[in-house]
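Peer 1: A structural model of the following input is requested.
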Amino acid sequence: MTTRTVWITGASSGIGEALAVRFARDGANLVLSARREPELQRVATRCLEAGLGEQQVLVLPLDVTDWDALPKAVQTVRDRFGAIDLLINNAGLSQRSLCKDTDMSVYQKLMDVDVMGQIALTKAVLPHMLERGAGHIAVTASVAGKVGVPQRTGYCAAKHAVMGFFDALRAEVEDAGIHVSTIVPGFIRTSIAENALAADGSAFGRVDDDIAGGMDVDECAEVVVNGLNAKKREIPVGKGKEMAALWVKRIAPEMLFRLTKGRH
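Peer 2: Sure, this is the predicted structure:
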(Lines give C-alpha, C1' and ligand atoms only; values in the text may rest on other atoms or scores of the structure.)
Protein backbone atom coordinates (compact mmCIF):
# COMPACT_ATOMS: atom_id res chain seq x y z
CA MET A 1 0.00 0.00 0.00
CA THR A 2 2.93 2.35 0.67
CA THR A 3 3.66 2.85 -3.03
CA ARG A 4 0.04 2.90 -4.23
CA THR A 5 -1.74 6.10 -5.28
CA VAL A 6 -5.42 6.30 -4.41
CA TRP A 7 -7.66 9.03 -5.89
CA ILE A 8 -10.93 9.59 -4.02
CA THR A 9 -13.70 11.88 -5.23
CA GLY A 10 -16.34 13.07 -2.81
CA ALA A 11 -13.50 13.07 -0.27
CA SER A 12 -14.68 16.08 1.72
CA SER A 13 -17.10 14.19 3.98
CA GLY A 14 -18.87 10.93 4.71
CA ILE A 15 -17.62 7.69 3.17
CA GLY A 16 -15.01 9.51 1.07
CA GLU A 17 -13.46 11.15 4.12
CA ALA A 18 -13.47 7.91 6.09
CA LEU A 19 -11.83 6.06 3.20
CA ALA A 20 -9.13 8.73 2.94
CA VAL A 21 -8.21 8.45 6.61
CA ARG A 22 -8.27 4.66 6.44
CA PHE A 23 -5.96 4.59 3.41
CA ALA A 24 -3.72 7.17 5.10
CA ARG A 25 -3.13 4.75 7.96
CA ASP A 26 -1.80 2.28 5.40
CA GLY A 27 0.60 4.84 3.95
CA ALA A 28 -0.97 5.26 0.51
CA ASN A 29 -0.41 8.37 -1.58
CA LEU A 30 -3.75 10.19 -1.62
CA VAL A 31 -5.51 12.50 -4.05
CA LEU A 32 -8.51 14.17 -2.39
CA SER A 33 -11.14 15.67 -4.68
CA ALA A 34 -14.48 17.39 -4.13
CA ARG A 35 -15.87 20.85 -4.76
CA ARG A 36 -15.28 22.28 -1.25
CA GLU A 37 -11.58 23.02 -0.89
CA PRO A 38 -11.71 24.08 2.80
CA GLU A 39 -13.26 20.72 3.70
CA LEU A 40 -10.66 18.90 1.61
CA GLN A 41 -7.93 20.72 3.52
CA ARG A 42 -9.52 19.58 6.78
CA VAL A 43 -9.54 15.97 5.57
CA ALA A 44 -5.93 16.34 4.38
CA THR A 45 -4.95 17.43 7.89
CA ARG A 46 -6.58 14.31 9.29
CA CYS A 47 -4.59 12.20 6.81
CA LEU A 48 -1.34 13.86 7.89
CA GLU A 49 -2.23 13.19 11.51
CA ALA A 50 -2.78 9.54 10.53
CA GLY A 51 0.85 9.32 9.46
CA LEU A 52 1.24 10.56 5.89
CA GLY A 53 3.94 12.97 4.81
CA GLU A 54 2.94 16.26 3.22
CA GLN A 55 4.15 15.12 -0.20
CA GLN A 56 1.84 12.11 -0.01
CA VAL A 57 -1.38 14.14 -0.01
CA LEU A 58 -2.64 16.14 -2.98
CA VAL A 59 -5.72 18.31 -2.48
CA LEU A 60 -7.30 18.60 -5.92
CA PRO A 61 -10.63 20.48 -5.94
CA LEU A 62 -12.83 19.10 -8.69
CA ASP A 63 -16.37 19.26 -10.01
CA VAL A 64 -16.98 15.94 -11.80
CA THR A 65 -19.66 17.57 -13.96
CA ASP A 66 -17.02 19.86 -15.50
CA TRP A 67 -15.90 17.31 -18.07
CA ASP A 68 -13.47 19.68 -19.78
CA ALA A 69 -11.47 20.00 -16.55
CA LEU A 70 -10.99 16.26 -16.04
CA PRO A 71 -8.06 15.56 -18.44
CA LYS A 72 -6.04 18.34 -16.78
CA ALA A 73 -6.86 16.90 -13.36
CA VAL A 74 -5.65 13.46 -14.46
CA GLN A 75 -2.41 14.98 -15.72
CA THR A 76 -1.94 16.84 -12.44
CA VAL A 77 -2.19 13.58 -10.52
CA ARG A 78 0.21 11.82 -12.87
CA ASP A 79 2.70 14.69 -12.66
CA ARG A 80 2.64 14.43 -8.87
CA PHE A 81 2.60 10.67 -8.32
CA GLY A 82 3.42 9.11 -11.68
CA ALA A 83 0.59 6.59 -11.71
CA ILE A 84 -3.02 6.24 -10.61
CA ASP A 85 -3.41 2.83 -9.04
CA LEU A 86 -6.91 3.10 -7.57
CA LEU A 87 -9.67 5.53 -8.55
CA ILE A 88 -12.66 5.61 -6.18
CA ASN A 89 -15.60 7.39 -7.81
CA ASN A 90 -17.41 8.47 -4.66
CA ALA A 91 -18.92 11.87 -5.54
CA GLY A 92 -22.69 11.83 -5.39
CA LEU A 93 -26.03 13.25 -4.33
CA SER A 94 -29.18 11.64 -2.98
CA GLN A 95 -32.85 12.64 -3.19
CA ARG A 96 -35.89 12.84 -0.93
CA SER A 97 -39.05 13.68 -2.90
CA LEU A 98 -42.00 12.02 -4.59
CA CYS A 99 -41.89 11.75 -8.37
CA LYS A 100 -45.08 13.80 -8.83
CA ASP A 101 -43.50 16.73 -6.98
CA THR A 102 -39.96 16.56 -8.34
CA ASP A 103 -38.71 19.16 -10.79
CA MET A 104 -36.97 17.78 -13.86
CA SER A 105 -33.88 19.81 -12.98
CA VAL A 106 -33.47 17.61 -9.90
CA TYR A 107 -33.42 14.47 -12.05
CA GLN A 108 -30.95 16.12 -14.42
CA LYS A 109 -28.60 17.06 -11.58
CA LEU A 110 -28.73 13.57 -10.09
CA MET A 111 -27.84 12.04 -13.44
CA ASP A 112 -25.09 14.58 -14.13
CA VAL A 113 -23.38 14.10 -10.76
CA ASP A 114 -24.11 10.48 -9.87
CA VAL A 115 -23.80 8.94 -13.34
CA MET A 116 -22.22 11.11 -16.01
CA GLY A 117 -19.59 12.55 -13.67
CA GLN A 118 -18.46 9.07 -12.66
CA ILE A 119 -18.33 7.94 -16.28
CA ALA A 120 -16.44 11.04 -17.43
CA LEU A 121 -13.70 10.76 -14.82
CA THR A 122 -13.38 7.03 -15.37
CA LYS A 123 -12.97 7.60 -19.12
CA ALA A 124 -10.31 10.23 -18.41
CA VAL A 125 -8.31 7.82 -16.19
CA LEU A 126 -8.90 4.58 -18.12
CA PRO A 127 -6.43 5.13 -21.00
CA HIS A 128 -3.61 5.59 -18.46
CA MET A 129 -4.50 2.32 -16.75
CA LEU A 130 -4.89 0.44 -20.02
CA GLU A 131 -1.50 1.70 -21.16
CA ARG A 132 0.05 0.35 -17.95
CA GLY A 133 -1.98 -2.85 -18.06
CA ALA A 134 -2.83 -2.35 -14.42
CA GLY A 135 -5.22 -0.39 -12.24
CA HIS A 136 -8.33 -0.54 -10.14
CA ILE A 137 -11.52 1.49 -10.61
CA ALA A 138 -14.23 1.56 -7.96
CA VAL A 139 -17.55 3.34 -7.66
CA THR A 140 -19.77 3.96 -4.68
CA ALA A 141 -23.12 2.65 -5.88
CA SER A 142 -25.85 1.80 -3.34
CA VAL A 143 -28.43 -0.76 -2.32
CA ALA A 144 -30.64 1.76 -4.17
CA GLY A 145 -28.85 0.57 -7.30
CA LYS A 146 -30.65 -2.76 -6.93
CA VAL A 147 -33.80 -1.93 -4.93
CA GLY A 148 -36.33 0.80 -5.73
CA VAL A 149 -37.94 2.69 -2.84
CA PRO A 150 -40.26 5.72 -2.56
CA GLN A 151 -38.92 9.29 -2.58
CA ARG A 152 -35.75 8.21 -4.37
CA THR A 153 -36.87 7.70 -7.97
CA GLY A 154 -34.01 9.79 -9.35
CA TYR A 155 -31.42 8.43 -6.94
CA CYS A 156 -32.44 4.82 -7.60
CA ALA A 157 -32.36 5.45 -11.34
CA ALA A 158 -28.87 6.94 -11.09
CA LYS A 159 -27.50 4.15 -8.93
CA HIS A 160 -29.05 1.45 -11.13
CA ALA A 161 -27.29 3.13 -14.07
CA VAL A 162 -23.99 3.22 -12.19
CA MET A 163 -24.24 -0.49 -11.37
CA GLY A 164 -24.94 -1.30 -15.01
CA PHE A 165 -22.15 0.84 -16.41
CA PHE A 166 -19.42 -0.43 -14.13
CA ASP A 167 -20.52 -4.07 -14.40
CA ALA A 168 -20.30 -3.71 -18.19
CA LEU A 169 -16.96 -1.90 -17.96
CA ARG A 170 -15.57 -4.76 -15.88
CA ALA A 171 -16.52 -7.20 -18.62
CA GLU A 172 -14.59 -5.06 -21.11
CA VAL A 173 -11.37 -4.38 -19.21
CA GLU A 174 -10.77 -7.13 -16.66
CA ASP A 175 -8.73 -9.23 -19.07
CA ALA A 176 -6.58 -6.15 -19.69
CA GLY A 177 -5.52 -6.11 -16.04
CA ILE A 178 -8.01 -3.50 -14.81
CA HIS A 179 -10.07 -4.42 -11.76
CA VAL A 180 -13.53 -2.86 -11.35
CA SER A 181 -15.36 -2.87 -8.02
CA THR A 182 -18.88 -1.69 -7.23
CA ILE A 183 -19.32 -0.63 -3.60
CA VAL A 184 -22.90 -1.23 -2.43
CA PRO A 185 -23.58 0.61 0.83
CA GLY A 186 -26.81 0.36 2.77
CA PHE A 187 -27.58 2.88 5.49
CA ILE A 188 -24.34 4.53 6.66
CA ARG A 189 -24.23 7.32 9.24
CA THR A 190 -23.27 10.28 7.04
CA SER A 191 -24.85 13.60 6.02
CA ILE A 192 -26.24 12.10 2.80
CA ALA A 193 -29.88 12.70 3.78
CA GLU A 194 -29.29 16.27 4.96
CA ASN A 195 -27.55 17.08 1.68
CA ALA A 196 -30.09 15.22 -0.47
CA LEU A 197 -32.11 17.15 -3.05
CA ALA A 198 -35.70 18.00 -2.21
CA ALA A 199 -38.37 18.31 -4.91
CA ASP A 200 -37.33 21.85 -5.85
CA GLY A 201 -33.60 21.17 -5.76
CA SER A 202 -32.98 22.64 -2.32
CA ALA A 203 -31.26 20.68 0.44
CA PHE A 204 -33.54 18.21 2.24
CA GLY A 205 -31.93 19.29 5.49
CA ARG A 206 -33.06 16.46 7.75
CA VAL A 207 -31.61 13.16 8.94
CA ASP A 208 -33.52 9.97 8.11
CA ASP A 209 -34.10 7.55 10.98
CA ASP A 210 -32.63 4.83 8.77
CA ILE A 211 -29.44 6.81 8.19
CA ALA A 212 -29.19 7.80 11.85
CA GLY A 213 -29.36 4.12 12.82
CA GLY A 214 -27.00 2.95 10.11
CA MET A 215 -23.47 1.58 10.18
CA ASP A 216 -20.69 3.78 11.55
CA VAL A 217 -18.84 5.40 8.64
CA ASP A 218 -15.40 4.27 9.88
CA GLU A 219 -16.64 0.69 10.14
CA CYS A 220 -17.94 1.06 6.60
CA ALA A 221 -14.55 2.28 5.39
CA GLU A 222 -12.83 -0.73 6.97
CA VAL A 223 -15.13 -3.14 5.11
CA VAL A 224 -14.67 -1.28 1.83
CA VAL A 225 -10.88 -1.08 2.05
CA ASN A 226 -10.65 -4.77 2.88
CA GLY A 227 -12.89 -5.54 -0.10
CA LEU A 228 -10.82 -3.37 -2.44
CA ASN A 229 -7.57 -4.92 -1.24
CA ALA A 230 -9.08 -8.34 -1.96
CA LYS A 231 -10.07 -7.13 -5.47
CA LYS A 232 -13.71 -7.99 -4.85
CA ARG A 233 -15.92 -7.18 -7.81
CA GLU A 234 -18.87 -6.21 -5.59
CA ILE A 235 -18.59 -4.99 -2.00
CA PRO A 236 -21.87 -4.86 -0.03
CA VAL A 237 -21.50 -2.89 3.20
CA GLY A 238 -24.12 -2.29 5.88
CA LYS A 239 -25.78 -3.97 8.81
CA GLY A 240 -29.52 -3.31 8.58
CA LYS A 241 -32.53 -4.90 6.96
CA GLU A 242 -31.72 -3.12 3.72
CA MET A 243 -28.86 -5.58 3.19
CA ALA A 244 -31.30 -8.49 3.33
CA ALA A 245 -33.22 -6.75 0.54
CA LEU A 246 -30.34 -7.56 -1.83
CA TRP A 247 -31.05 -11.27 -1.40
CA VAL A 248 -34.83 -10.91 -1.36
CA LYS A 249 -34.63 -9.08 -4.70
CA ARG A 250 -32.88 -12.11 -6.17
CA ILE A 251 -34.99 -14.91 -4.78
CA ALA A 252 -38.41 -13.34 -4.17
CA PRO A 253 -38.76 -10.04 -6.07
CA GLU A 254 -42.55 -9.91 -5.70
CA MET A 255 -42.16 -10.03 -1.93
CA LEU A 256 -39.70 -7.14 -2.04
CA PHE A 257 -42.03 -5.06 -4.21
CA ARG A 258 -44.77 -5.49 -1.60
CA LEU A 259 -42.42 -4.62 1.27
CA THR A 260 -41.17 -1.42 -0.32
CA LYS A 261 -44.56 -0.18 -1.48
CA GLY A 262 -45.50 3.01 0.31
CA ARG A 263 -42.39 2.97 2.49
CA HIS A 264 -41.01 6.44 3.25
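Peer 1: output the below-cut-off pLDDT ranges for the chain.
Peer 2: For the chain, residues meeting the criterion pLDDT under 70 lie at 1-2, 262-264.
Peer 1: now with 50?
Peer 2: 1-2 (pLDDT under 50).
Peer 1: max-length helix in it?
Peer 2: helix 153-173 (DSSP state H).
Peer 1: give me the contact list for that one.
Peer 2: Helix 153-173 is contacted from outside by 92-95, 98-99, 102, 106-107, 110-111, 114-115, 118-119, 122, 126, 129-130, 137, 139, 141-142, 144-149, 179-180, 182, 196-197, 233, using C-beta atoms under 8 Å, 6 or more residues apart in numbering. Any C-beta I mention is one placed from the backbone N, CA and C, and that applies to glycine too.
Peer 1: does K109 count as helix, strand or coil?
Peer 2: Secondary structure for K109, judged by DSSP: H, G, I helix; E, B strand; the rest coil, is helix.
Peer 1: distance of it from D167?
Peer 2: K109 sits 24 Å away from D167, taking C-beta to C-beta, to the nearest Å as the criterion.
Peer 1: could you do G201 as well?
Peer 2: 30 Å.
Peer 1: all helices of the protein, in order?
Peer 2: Using DSSP H, helices in the chain cover 14-25, 37-49, 70-81, 104-111, 117-132, 153-173, 209-212, 217-229, 241-251, 253-260.
Peer 1: reformat these as TSV; add distance to T190 and mean neighbour count.
Peer 2: TSV is the format used below for the helices of the chain (distance: least, C-beta to C-beta, whole Å; neighbours: other C-beta atoms under 10 Å):
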stretch	distance to T190	mean neighbour count
helix 14-25	4	23
helix 37-49	13	16
helix 70-81	24	16
helix 104-111	17	16
helix 117-132	18	18
helix 153-173	14	19
helix 209-212	7	13
helix 217-229	6	19
helix 241-251	15	15
helix 253-260	22	13
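Peer 1: who wins for proximity to I8 among the ones you listed?
Peer 2: In terms of C-beta to C-beta, the element of the helices of the chain nearest to I8 is helix 14-25, at 5.2 Å.
Peer 1: give me the residues contacting the closest one.
Peer 2: 1, 6, 8-11, 30, 32, 34, 43, 46-48, 50-52, 57, 88, 90-91, 140, 185, 188, 190-192, 217-218, 220-222, 224-225.
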